[in-house]
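> Please find the sequence and the predicted model below.
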Amino acid sequence: MEATLTPEKLLERAKDIKARGGEGVLISGGSDSRGHVPLERFGDAIAAVKDLGLKVVVHTGLVDEATAQMLGAAKVDAAMLDIIGDASVAKNVYHIEQGPEKMAHTLDILVENNVPITPHVLVGMNYGKLGGELEALDMISKRNPQAIVIIALNPLRNTPMADVEPPSPETIGRVLTVARLGFEKTPLLLGCARPIGDHKVHTDNYAIRGGANGIAYVSQEGVDFAQKRGLSPVFMDICCSLAFLKLT
């Protein structure tokens, strides 16, 4: 991703994307110590990006009322944030006290301000083990999301979890299946953040078996498997968090 550290730089970059034929932008950033992405001062620029005719997806982190109002006024197309259903995982990994309560509040005020939400559930954030994923889905179920995105821990070098074993494809598949059964009419996506290689191939297959509506960066083996099951894959050049616009 490219850094745009001022509102002016953000709008300038968006105009360049528009001129090159781009259709949208993902606005993200690091979180502060409270788990908030410092978005509020970019409000006018985000609204101007929307006025260019671009789709706007935002990684929000936790938000306060002012930021939720700004995102609603700017008419962003989707807000993405990880939802953690276990307070100890939120504290030990994300360093957020009372994480589930704060995440529920964030979802509530985004919805109240007419911001479409596409919450992400990260399987295995508890050092590769399950820890609050089902509780996260339960939390989300009370907020009428536009879509749900399931992602999985992909341990990175030079991080505290570098040597952690990621959750197995079977484990990710179980979470996907529970989400599918619990959200029959909500678009369900397997997101781009997940381990690669054979792990990815098996995870893709479980997502297809579990009834996912879409898979980001699907493997060729996943495409072949879907076709063998009588499905007709459709390819879209769009962020999975906006796939609901095509699926509903």
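Sure thing, it's come through.
> only C-alpha atoms for contact and neighbour calcs from this point on.
Noted.
> which residues in this structure form helices?
Secondary structure of the chain, counting by DSSP state H: helices at 7-19, 43-51, 65-74, 87-92, 99-112, 133-141, 169-182, 198-210, 220-228, 244-247.
> Any buried residues in the fifth one, and which?
Going back to what we said before, that points to helix 99-112. Within helix 99-112, the residues that count as buried by 16 or more other C-alpha atoms under 10 Å are 99, 100, 102, 103, 104, 105, 106, 107, 108, 109, 110, 111.
> what's the spacing between the second one and residue 247?
Taking C-alpha to C-alpha, to the nearest Å as the measure, residue 100 falls 29 Å from residue 247.
> now the first one
Noted for residue 99: a distance of 31 Å to residue 247, by C-alpha to C-alpha.
> Same check on residue 125?
Computed as C-alpha to C-alpha, the residue 125 to residue 247 distance reads 28 Å.
> More neighbours: which of those two?
The neighbour comparison of residue 125 against residue 247 (other C-alpha atoms under 10 Å) goes to residue 125, with 25 against 12.
> Skipping adjacent residues, who's closest to the more buried one in space?
Take residue 125 and drop its neighbours on the chain: the residue closest to it by C-alpha to C-alpha, 6 or more residues apart in numbering is residue 153, 5.9 Å away.
> next one: phi and psi at the one you found?
With angles defined as degrees, to the nearest 10, residue 153 sits at phi -60, psi 130.
> And the one 5 residues further on, by the same measure?
Note on residue 158: backbone dihedrals following degrees, to the nearest 10 are phi 60, psi 30.
> count of neighbours near it?
8.
> what domains does the record give for the chain?
With domains defined by automatic domain parsing, the chain comprises 1-76, 79-247.
> Let me have these in JSON lines, adding mean pLDDT as columns.
Shown next, in JSON lines, are those (pLDDT from 0 to 100):
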{"stretch": "domain 1-76", "mean pLDDT": "94"}
{"stretch": "domain 79-247", "mean pLDDT": "95"}
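> now, of those, which is deepest in the fold?
With neighbours taken as mean count of other C-alpha atoms under 10 Å, these reach their highest mean count in domain 79-247, at a mean of 19.
> can you give me how far it is from the chain middle?
Averaging C-alpha positions (C-alpha atoms, centre = their mean, to the nearest Å) puts domain 79-247 7 Å from its chain's average.
> Next: stretch 37-50.
Remark: stretch 37-50 is offset 19 Å from the chain centroid, using C-alpha atoms, centre = their mean.
> ok, and what's touching that stretch?
Stretch 37-50 is touched from outside by 6-8, 10-11, 14-15, 28-32, 56, 59-63, 66-67, 70-71, 73-76, with contacts defined as C-alpha atoms under 8 Å, 6 or more residues apart in numbering.
> if you set the cut-off to 6 Å instead, what comes out?
Under the criterion C-alpha atoms under 6 Å, 6 or more residues apart in numbering, residues 7, 11, 30, 31, 60, 61, 67, 70, 74 lie in contact with stretch 37-50.
> any idea how far the last one is from residue 102?
If I follow you right, that is residue 74. Counting by C-alpha to C-alpha, the separation of residue 74 from residue 102 is 23 Å.
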